[in-house]
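**Student:** Next comes the sequence, and after it the predicted model I'd like to discuss.
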Amino acid sequence: MPPRKTVEKARCLRRQLTPPEVKLWQWLRERPGGLKFRRQHPIGPYVLDFYHAATKLAIEVDGEAHDRGERPERDGARDAWLAEQGLRTLRIPATDVMREFDAVTRMILAECGTFPLHQPSAGPPPHAAHGEER
């Protein structure tokens with residue numbers, strides 16, 4: 001369970017989405033392809049921009065600040081921690097969300113499709129008494 005401070009931060013961030021995050025959330029909240037996403041999801045000490053639990057995919061929308069100063073190292077450490085928890089991170093530049101939205105949405109759907117959401121079941125065994133065959 002994430003620390004209380006992280007949960008409070010997530011609640012605050014939900015009210016302060018950037019324009020690229022708003023645009024992407026408007027699409028994600030419609031459950032494209034039947035996929036359910038969460039926004040500003042707390043996990044451990046971090047808050048993920050968007051999260052698809054069934055495939056353990058974290059989606060991060062990165063603005064210009066992620067390219068400067070210590071941010072690349074901090075993002076790398078964060079991604080490594082998430083990977084240790086079994087999560088994959090998909091980093092999308094904010095400019096791509098605004099300029100190449102269709103490509104971004106296709107990439108997200110493809111990334112979610114890399115893991116089956118439901119394992120096919122063989123179902124119950126056939127019942128010979130009912131005339132069912134294998």
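**Tutor:** That came through, no problem.

**Student:** Let's verify Gln16: helix, strand, or coil?
**Tutor:** Put simply, Gln16 is coil when judged by DSSP: H, G, I helix; E, B strand; the rest coil.

**Student:** Correction: the previous question concerned Asp49.
**Tutor:** Under three-state DSSP, Asp49 comes out as strand.

**Student:** Tell me who's in contact with it.
**Tutor:** 21, 39-40, 58-61 (CB atoms under 8 Å, 6 or more residues apart in numbering). For glycine as for every other residue, the C-beta is placed from the backbone atoms N, C-alpha and C.

**Student:** got it, and His52?
**Tutor:** 35-38, 59, 112.

**Student:** what does Trp27 give?
**Tutor:** 101, 105.

**Student:** which SSE is it in?
**Tutor:** Secondary-structure assignment from DSSP states H and E places Trp27 in helix 19-28.

**Student:** Buried residues in that helix, which are they?
**Tutor:** 20-21, 23-25, 28 (16 or more other CB atoms under 10 Å).

**Student:** Pick the one among the residues you listed closest to Phe101.
**Tutor:** Phe101 lies nearest to Lys23 out of these, by CB to CB, at 6.9 Å.
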